[in-house]
Every structure is written in structure tokens, then in C-alpha cells.
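**Q** return atomic coordinates for the entry below.
(chains A and B)
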2 protein chains.
Amino acid sequence: MRNVIPVAILVGTLAGGVAWSQTSPKPVAKRAAEKSGSEVGAAKFASNGALIRPVGHRKWVFVGSPVTPHDMNGGKAAFPEFHNVYIDIASYDEYAKTGKYREGTVLVKELVAVGGKSASSGKGYFQGEFIGLEAVVKSSKHFPEEPGHWAFFSFTAEKGQPEIQTAKAFPTASCNSCHAGAQEDYVFSEYYPVLRAAKESAEPSAK
Amino acid sequence: MRNVIPVAILVGTLAGGVAWSQTSPKPVAKRAAEKSGSEVGAAKFASNGALIRPVGHRKWVFVGSPVTPHDMNGGKAAFPEFHNVYIDIASYDEYAKTGKYREGTVLVKELVAVGGKSASSGKGYFQGEFIGLEAVVKSSKHFPEEPGHWAFFSFTAEKGQPEIQTAKAFPTASCNSCHAGAQEDYVFSEYYPVLRAAKESAEPSAK
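**A** The predicted model follows:
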């Protein structure tokens, strides 16, 4: 039931021309690397351009949770788990005001295994264990060549392995081949009722 | 696909001995009623003992989202929608520290219709429109006779009707006949991975 992303894909090189500077070409301690990195909005980058694992997302704004389980996809679901998706608070507030994703928006997708299919409330899908964490960041500064300036990251470790603390972006095609089909700015807002409601409440002139 | 709770059940009388005082026997303006009410933790009550509709829950801590759709329950699901469940922030912090639900804990269950069953990510269940809001409150002061001192409320209006602003508690049996079967303190924490993780991180001496 677990969906483990191959490690190979996690170390995929970042596609496109990337603008941040390598301030330290030598190996440095993690703390030093973080200090010499950069940040935009809720995203923090190490000096080598890798995204530092977002922290505190469980107190961000939850936006929705689709589930596309194996048993509805011939046993071969591309995403067999629940996806609990969150947006950082400041970006949510901006989106609710303008209907746009601001520079520095971070959306986190926490992967949760299907834990059970029956309870006293009926038959269905119930959330089991956390199995991974992914993120997407919008930054024209960091990702000038990426469509919509969005880049996609995975912090999902193989089972039993320690948490991944930094991640390079996926190659553009890995995620964007689908996300280019989203109704709005490469984010599947249409499946996230909290984002739809926020957009509807945005100032009419801003939409 | 919509699940509209009959209005009759919303005006069910509150079971058990209720301790708050009726400070104003005469009809009063809503604002005055709220002022003469009471509160505990994140819960606010009007002077007649009705719970005032919780506000701001989308910035509370999301804990999980089960779905028990009609098509997995012979077309007659008791709860055919996604249940996006949240806990108020202070009660979450206390739970993460002690592994217990504090006095004044409020959990909100936002009802979201199944909006679609297919997307580029696969076949599954995707969240559609908001269709209701329910809440549960723990208060030994307000609900001394209720099991675990929990009382259950619905703010779900019929389609097209205005938001319900105050609600009386359901009769004990309406909800507790199932919730008594929860593993812990009448809350189905076992289906909410964020609560399970918080409890695991609580101080060992407190669990």
C-alpha cells in the first residue's frame, strides 16, 4: 500500500536556468549552508539551491484532501495515498485578498496511506500513517525558467530512513506535464474547496 | 449527492442537566444574547445555552478527512461527504503536550460533498462544495451529564438557506451511540493521523 518514490528521482537535477548564487563552493556544515542560502515567502533554500524541508505545515491552512487509491486504479495508482494539502498562512491571506498566488507561495502535500476502509460511519477511505511530504514553491527569482515559476520537491524518504532535510527540484517535465493542465497557474485549485472559497471571497477587482 | 440534515433534528432539545444560567428570560437582540452567554476554551455559548457558530476554523489545526461515499454504501451512506476535521489551536497544543482533550476543546467537522471521481492523478474521490458544519465541545461545566462531557452540534443549513448562527446540542443518543465506540474519550482520534502523531509526541508521563 505504501508508495515510495525512488531515491533516484529525488536527486534529479534542476532543469532550466537557475539564478541563485553558489556562495560557498566547498562542503559546509548544514547550519552554515542554511545561513548562506536564501529565502522567499515561506520557502527557505540552502546555499546549493536545495529547498530546506518546510516546518510547521500542520499549522498552515489546510486546503483539501483527495484520495486516488490503488483499488480504484487497477492496483497501480500513481498516487495511492490521501494528499493532505496545505498553503502557508501569509500566502493564503494574500490569495484570499487577491485571488493570486504570491511570490514565495509554498504548498505542502503530506502523503497519508489509506489506513482502513470500514468504520462505524460506513465503508470508505480512512487516513492511516504519514508516508511522505512534498512541496511546491513559486519564485520568479529562483525558478525564472520554470512554467509559472513553480518548482516541485519531494522530502519523502524510503520507509525506515531518516527524514530528508533538503531536496533539489524535480525536472520540469516530471510534474508539469500534469500541472500544466490545472485550471489556474499550475495549481489544481479546482480540487481544493478552501482555495476556491478564498478566491470567491477575494476582492472582485483583483480576480 | 447532498446530505441535508433534517431541520427537526437541529432543534432537538439538549439532553442532560445543563448548568448555565438563563440570565435573560426575555427575547433579546443577538448581540446582547452573546454578551450574556458564557465561554470555555474555544467554545462560545449564547445566553440560552446554544453554541455560537465557531469562526475561523480554517486556520485551526486540520486533523484528517475520511470519506464514506454513497457509492460505497449502497447509495445510502449515513455520511456521504468528506469530513474535514479541525481542532482549535490551543486545544491542539495541549493535546500535543498531554495527550488529553482539555476542557473547552472544540472539534469542527466541515462537510464537503464529493465533487468528482476522476482527474489526471487517477480515479478516486475529490472534494467538491462545502455543504455543512458540525462541532463537538468538551465542557464539564456546560455538559456535566454528557458522556465524557462532550456535546454535539450541527450548523448545517438546508441548501439555499442562510448560515445557522447558533445551535442546541443533539440529544445524547444521537451521536454517542457511535462515539462511545471510539478508542479514546469519545473522539475517533484513530482516524485522524495528525492527532495520533500529536499524542505520540506528547510527554510520556502525560499519556
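
**Q** center of chain A - which residue?
**A** residue A:135 (1.9 Å; CA atoms, centre = their mean).

**Q** residues in contact with that one?
**A** The contact partners of residue A:135, taken as CB atoms under 8 Å, 6 or more residues apart in numbering or on different chains, are A:51, A:54, A:106, A:107, A:108, A:109, A:152, A:153, A:155, A:167. In this view, the C-beta of every residue, glycine as well, is placed from N, C-alpha and C.

**Q** ditto for residue A:182
**A** A:188, A:189, A:190.

**Q** those residues: which ones sit near chain B?
**A** When contact is defined as CB under 8 Å from any CB of the partner chain, the contacts of residue A:182 meet chain B at residue A:188.

**Q** list buried residues within the contacts of residue A:182.
**A** The neighbour count (16 or more other CB atoms under 10 Å in any protein chain shown) marks A:188, A:189, A:190 as buried among these.

**Q** doesn't residue A:195 make contact with the second one?
**A** Think residue A:189. Yes - the criterion here is CB atoms under 8 Å, and residue A:189 meets it with residue A:195 at 4.4 Å.

**Q** and the closest residue in space to residue A:112 that isn't next to it in sequence, what pLDDT?
**A** Spatial nearest neighbour of residue A:112, chain neighbours left out: residue A:82 (4.2 Å); criterion: CB to CB, 6 or more residues apart in numbering or on different chains. Per-residue pLDDT puts residue A:82 at 98.

**Q** wait, residue A:82 touches residue A:126, no?
**A** No - using CB under 8 Å as the test, residue A:82 is too far from residue A:126 to be in contact (9.0 Å).

**Q** spit out the residues that contact the two alike.
**A** Joint contacts of residue A:82 and residue A:126 (CB under 8 Å, 6+ apart) are residue A:114.

**Q** who's sitting farthest from the centroid in chain A?
**A** residue A:120 (33.0 Å).

**Q** who's the closest spatial neighbour of that residue, skipping the chain neighbours?
**A** residue B:178 (4.8 Å).

**Q** where does chain A dip in pLDDT?
**A** By pLDDT under 70, the low-scoring segments of chain A are A:1-35, A:205-207.

**Q** where do the strands sit along it?
**A** Here chain A has its strands, by DSSP state E, at A:38-40, A:43-45, A:51-52, A:61-64, A:82-87, A:106-119, A:122-138, A:150-154, A:166-167.

**Q** what does the last one rub up against?
**A** Looking back up the chat, that one is strand A:166-167. A:10, A:46, A:48, A:50, A:51, A:52, A:53, A:135, A:153, A:154, A:155.

**Q** on that earlier part again, would you point out the most distant pair within the contacts of residue A:135?
**A** Using CB to CB, the pair of the contacts of residue A:135 lying farthest apart is A:107 and A:167, separated by 14.5 Å.

**Q** neighbour count: those two, which is higher?
**A** residue A:107 (28 against 22; other CB atoms under 10 Å in any protein chain shown).

**Q** any idea what that one is bridged to?
**A** Beta bridges link residue A:107 to residue A:87, residue A:136 when assigned by DSSP bridges.

**Q** what of residue A:118?
**A** Assigned bridge partners for residue A:118, using DSSP bridges, are residue A:123.

**Q** check the gap between residue A:152 and residue B:170 for me.
**A** Distance, residue A:152 to residue B:170, by CB to CB, to the nearest Å: 44 Å.

**Q** typed the wrong thing, it's residue A:77
**A** In terms of CB to CB, residue A:77 sits 38 Å off from residue B:170.

**Q** equivalent analysis for residue A:38, please.
**A** For residue A:38 relative to residue B:170 (CB to CB), the value is 53 Å.

**Q** repeat that for residue A:101.
**A** Distance of residue A:101 to residue B:170, computed by CB to CB: 40 Å.

**Q** who has more neighbours out of the two?
**A** Under the criterion of other CB under 10 Å, the comparison of residue A:101 against residue B:170 puts residue A:101 first, with 25 against 21.

**Q** for chain A, which segments count as helices?
**A** Counting by DSSP state H, chain A has these helices, from start to end: A:7-10, A:30-35, A:89-98, A:172-179, A:193-201.

**Q** quick check: which of the ones you listed is nearest to residue B:202?
**A** Nearest of the helices of chain A (CB to CB): helix A:89-98, 24.7 Å.

**Q** show me what the closest one is packed up against.
**A** helix A:193-201 (3 or more CB pairs under 8 Å, 6 or more residues apart in numbering or on different chains; DSSP states H and E).

**Q** using CSV, write down the CA coordinates of the helix it packs on.
**A** Extracted in CSV, the C-alpha atoms of helix A:193-201 (Å, rounded to 0.1, in the frame of the first residue of the first chain):
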residue,chain,number,x,y,z
PRO,A,193,-12.5,23.8,-1.7
VAL,A,194,-10.7,26.1,0.7
LEU,A,195,-8.8,27.7,-2.1
ARG,A,196,-12.0,28.0,-4.2
ALA,A,197,-13.8,29.6,-1.4
ALA,A,198,-10.9,32.0,-0.7
LYS,A,199,-10.8,33.0,-4.4
GLU,A,200,-14.6,33.6,-4.4
SER,A,201,-14.2,35.9,-1.4
